[in-house]
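Colleague: no letters, just coordinates:
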């Protein structure tokens with residue numbers, strides 16, 4: 001808790017008689033958007049205007065005396081913050097359904113006699129569906145709104161998770177059910193990015209993004225904590241029933257919250273209108289795919305997303321196995337140790353976003369902030385993993401370095417994950433769908449490749465650490481050379497002309 005005077009971020013002149021309160025507020029990771037009656041409101045109750053993709057809360061205004069006291073009755077979440085919290089909760093549920101297999105697969109492998117290669121195939125099946133839903137999710141979020149896509153996503157991956165025990169007796173059945181979970185979860189990043197772009201102003205976007213995507217670590221914590229206990233008491237099928245059921249309960253709650261928000265704040269989910277660029281002969285429902293493909297900043301962001309996900313997906317899938325194999329730990333102990341990296345990542349994610357916003361507020365260029373944050377997120381873990389490669393015989397040091405590497409990598413939330421909206425708030429959902437499509441490839445290739453390399457070398461340093469270290473260095477160089485936070489006009493006609501190779505593929509469906 002800290003005492004702070006809440007400032008008005010509106011560009012309305014002082015003579016518009018804004019009313020701002022002094023209040024005790026909890027620190028909020030996405031800026032001073034905790035609603036206090038009278039905050040940034042006009043005397044007639046109308047809210048001021050904002051930059052693209054954001055809007056102030058509609059509050060009950062009125063001339064009131066400033067007060068240093070705090071009442072719980074005065075403290076409430078704004079509609080915008082309710083949306084952000086709901087997005088965070090959706091990621092918690094999704095991550096629980098995603099990581100449950102990394103714990104359950106250890107017992108499943110014993111029951112079905114799977115080799116490390118088969119385990120890698122089972123764990124990678126999620127990412128086939130995840131990859132396929134990225135671009136459709138981005139397009140659907142832009143066209144129909146992230147809130148509607150989030151509805152479908154949660155129902156989809158929750159029901160698919162509950163079907164896994166019925167399909168686990170055969171590899172094809174398990175593969176398809178996990179791919180279905182991945183398809184549903186692949187819709188979430190674009191949906192959430194769309195909701196952030198619509199409800200959070202640019203100066204607070206780093207904090208909002210860090211808060212929402214940082215919820216993935218909370219999901220890992222909850223999942224890794226509950227899964228071993230559920231397996232010990234009721235067996236591995238219970239993990240999928242309980243976690244999938246939690247998603248259905250979230251859906252019911254989110255529907256109630258959404259209904260309330262739409263009643264109290266009409267227009268909060270209105271489409272983003274970017275007045276900083278002028279469209280050139282594009283229809284309203286067209287997406288400038290060719291411009292995305294030509295843009296070097298988008299190409300760089302695709303590669304950075306690939307690198308980030310390679311590290312996280314391979315570590316997420318293999319860390320419990322690494323702990324049980326290299327340190328001969330029982331499953332329950334390995335699962336408890338596996339909680340340390342998400343804890344570290346949660347702490348860092350709570351620092352990365354607000355720190356980036358603070359630097360931007362002090363006048364440091366957004367592009368420099370993004371690149372510095374991503375450099376920390378890549379080179380920090382590279383150093384830690386290099387150290388872990390040489391201390392296999394020291395479990396404490398190895399665990400500490402791996403934990404630190406996963407924690408530091410959360411600085412990507414202030415770099416990579418904010419950059420889509422920097423480039424284009426209007427097309428941010430489609431952009432994150434495009435980069436996440438490339439980013440899903442490590443889940444398919446990387447997870448399996450780690451298992452194959454380990455089968456051949458019997459070395460975790462060569463199979464798990466070395467590829468990530470190499471990619472970290474390459475990703476840092478690419479982002480500094482080609483990355484930017486400058487707003488891009490993807491709707492420029494010259495950027496959307498056909499590629500030369502399209503003339504040689506006459507039966508190809510015309511791109512929008």
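Modeller: Alright, I've got the coordinates. Bear in mind the structure is a predicted one, so any value in this text is a computation, not a measurement.

Colleague: how about the secondary structure of residue 444?
Modeller: Following DSSP: H, G, I helix; E, B strand; the rest coil, residue 444 is assigned to helix.

Colleague: residues in contact with it?
Modeller: Residue 444 makes contacts with 124, 127, 128, 131, as judged by C-beta atoms under 8 Å, 6 or more residues apart in numbering. In short, each C-beta sits where N, CA and C put it, glycine included.

Colleague: got it, and residue 188?
Modeller: For residue 188, the contact set (C-beta under 8 Å, 6+ apart) comprises 90, 91, 94, 137, 150, 153.

Colleague: secondary structure class for the second one?
Modeller: Spelled out, it's residue 91. helix.

Colleague: on that earlier part again, looking at the contacts of residue 444, which is nearest residue 351?
Modeller: Nearest to residue 351 out of those is residue 127 (C-beta to C-beta; 29.2 Å).

Colleague: following the strand or helix carrying the closest one, which helix or strand shows up next?
Modeller: Using DSSP states H and E, residue 127 sits in helix 116-132. Once the chain leaves helix 116-132, the next helix or strand it forms, by DSSP H and E, is helix 134-144.

Colleague: can you pull up the most central residue in this structure?
Modeller: The residue lying closest to the centre of the chain (C-alpha atoms, centre = their mean) is residue 213, at 3.7 Å.

Colleague: what's the helix or strand harbouring that residue packed up against?
Modeller: Here residue 213, judged by DSSP H and E, is contained in helix 205-234. For helix 205-234, the packing partners by 3 or more C-beta pairs under 8 Å, 6 or more residues apart in numbering; DSSP states H and E come out as helix 79-112, helix 188-199, helix 237-264, helix 331-337, helix 340-361, helix 416-423.

Colleague: can you rerun that using 6 Å?
Modeller: Counting contacts by 3 or more C-beta pairs under 6 Å, 6 or more residues apart in numbering; DSSP states H and E, helix 205-234 packs against helix 79-112, helix 237-264, helix 331-337, helix 340-361, helix 416-423.

Colleague: low-confidence ranges, the chain, go.
Modeller: Scanning the chain for pLDDT under 70 picks out the ranges 1-76, 202-203, 265-285, 331-332, 335, 501-502, 504-512.

Colleague: if we can go back for a sec, what about burial for the contacts of residue 444, which qualify?
Modeller: Buried by 16 or more other C-beta atoms under 10 Å: 124, 127, 128, 131, out of those.

Colleague: wait, doesn't the second one sit right on residue 441?
Modeller: No - using C-beta atoms under 6 Å as the test, residue 127 is too far from residue 441 to be in contact (7.8 Å).

Colleague: can you pick out the most distant pair from the contacts of residue 188?
Modeller: Using C-beta to C-beta, the contacts of residue 188 span at most 14.2 Å, a distance reached by 91 and 137.

Colleague: okay, those two: which has more neighbours?
Modeller: More crowded of residue 91 and residue 137, by other C-beta atoms under 10 Å: residue 137, with 33 against 22.

Colleague: OK, contacts around the more buried one?
Modeller: 186, 187, 190, 433 (C-beta atoms under 6 Å, 6 or more residues apart in numbering).

Colleague: name the nearest of these relative to residue 314.
Modeller: For the contacts of residue 137, the minimum distance to residue 314 (C-beta to C-beta) is 18.2 Å, reached by residue 186.

Colleague: ok, back up a step: packing partners for the helix holding residue 127?
Modeller: For helix 116-132, the packing partners by 3+ C-beta pairs under 6 Å, 6+ apart come out as helix 79-112, helix 171-186, helix 441-457.

Colleague: tell me which of those helices lies nearest to residue 371.
Modeller: Proximity to residue 371 (C-beta to C-beta) singles out helix 441-457 among these, at 21.9 Å.

Colleague: buried ones in the closest one?
Modeller: 441-451, 453-454.

Colleague: can I get these in a markdown table with distance to residue 243?
Modeller: What follows is the buried residues of helix 441-457, written out as a markdown table (distance: C-beta to C-beta, whole Å):
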| residue | distance to residue 243 |
| --- | --- |
| 441 | 26 |
| 442 | 23 |
| 443 | 19 |
| 444 | 23 |
| 445 | 26 |
| 446 | 24 |
| 447 | 20 |
| 448 | 24 |
| 449 | 27 |
| 450 | 24 |
| 451 | 24 |
| 453 | 30 |
| 454 | 28 |
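
Colleague: run a quick neighbour tally on the closest residue to residue 226 other than its chain neighbours.
Modeller: Counting by C-beta to C-beta, 6 or more residues apart in numbering, the nearest residue to residue 226 once its immediate chain neighbours are dropped is residue 242, at 7.4 Å. For residue 242, the neighbour count with other C-beta under 10 Å is 17.

Colleague: distance check, residue 242 against residue 390.
Modeller: 40 Å (C-beta to C-beta, to the nearest Å).

Colleague: go on, residue 430?
Modeller: Distance of residue 430 to residue 390, computed by C-beta to C-beta: 43 Å.

Colleague: who has more neighbours, the two?
Modeller: The neighbour comparison of residue 430 against residue 390 (other C-beta under 10 Å) goes to residue 430, with 28 against 13.

Colleague: quick one: the more buried one and residue 141 touch, right?
Modeller: No - using C-beta under 6 Å, residue 430 is not in contact with residue 141; the gap is 7.7 Å.

Colleague: wait, which of the buried residues of helix 441-457 is closest to residue 477?
Modeller: For these, the nearest to residue 477 is residue 442 (18.5 Å; C-beta to C-beta).

Colleague: touching, that closest one and residue 311? I think so.
Modeller: No - assessed by C-beta under 6 Å, residue 442 is found out of contact with residue 311, at 8.2 Å.

Colleague: show me where the stretch 351-500 of the chain has helices.
Modeller: For the stretch 351-500 of the chain, the helices defined by DSSP state H, counting those that start in this stretch occupy 366-388, 395-408, 416-423, 428-439, 441-457, 460, 466-482.

Colleague: so the fourth one versus helix 188-199, what angle?
Modeller: Taking axes from the mean of the first three to the mean of the last three C-alpha atoms, to 10 degrees, helix 428-439 and helix 188-199 form an angle of 150 degrees between their directions.

Colleague: which parts of helix 428-439 are buried?
Modeller: Buried positions in helix 428-439, judged by neighbour count with 16+ other C-beta under 10 Å: 428, 429, 430, 431, 432, 433, 434, 435, 436, 437, 438, 439.

Colleague: also the longest one?
Modeller: Of the residues in helix 366-388, those with enough neighbours to count as buried (16+ other C-beta under 10 Å) are 366, 369-382, 384-388.

Colleague: can you say which of the helices and strands packed on helix 116-132 is nearest to residue 486?
Modeller: Of these, the one closest to residue 486 (C-beta to C-beta) turns out to be helix 79-112, at 25.9 Å.

Colleague: now, among the buried residues of helix 441-457, which is nearest to residue 325?
Modeller: Nearest to residue 325 among these, with distances taken as C-beta to C-beta, is residue 454, at 8.8 Å.

Colleague: which residue is the nearest non-sequential neighbour of that closest one?
Modeller: In space, and not counting its chain neighbours, residue 454 is closest to residue 463: 4.1 Å by C-beta to C-beta, 6+ apart.

Colleague: if I pick that neighbour, what's in contact with it?
Modeller: 450, 453, 454 are the contacts of residue 463 under C-beta under 6 Å, 6+ apart.

Colleague: what about residue 493, neighbour count?
Modeller: 12.

Colleague: ditto for residue 111
Modeller: Residue 111 has 11 neighbours, counted by other C-beta under 10 Å.

Colleague: and residue 169, that's in a helix?
Modeller: No - going by three-state DSSP, the assignment for residue 169 is coil, not a helix.

Colleague: how many other residues sit next to it?
Modeller: Residue 169: 10 surrounding residues under other C-beta under 10 Å.

Colleague: great, nothing more from me.
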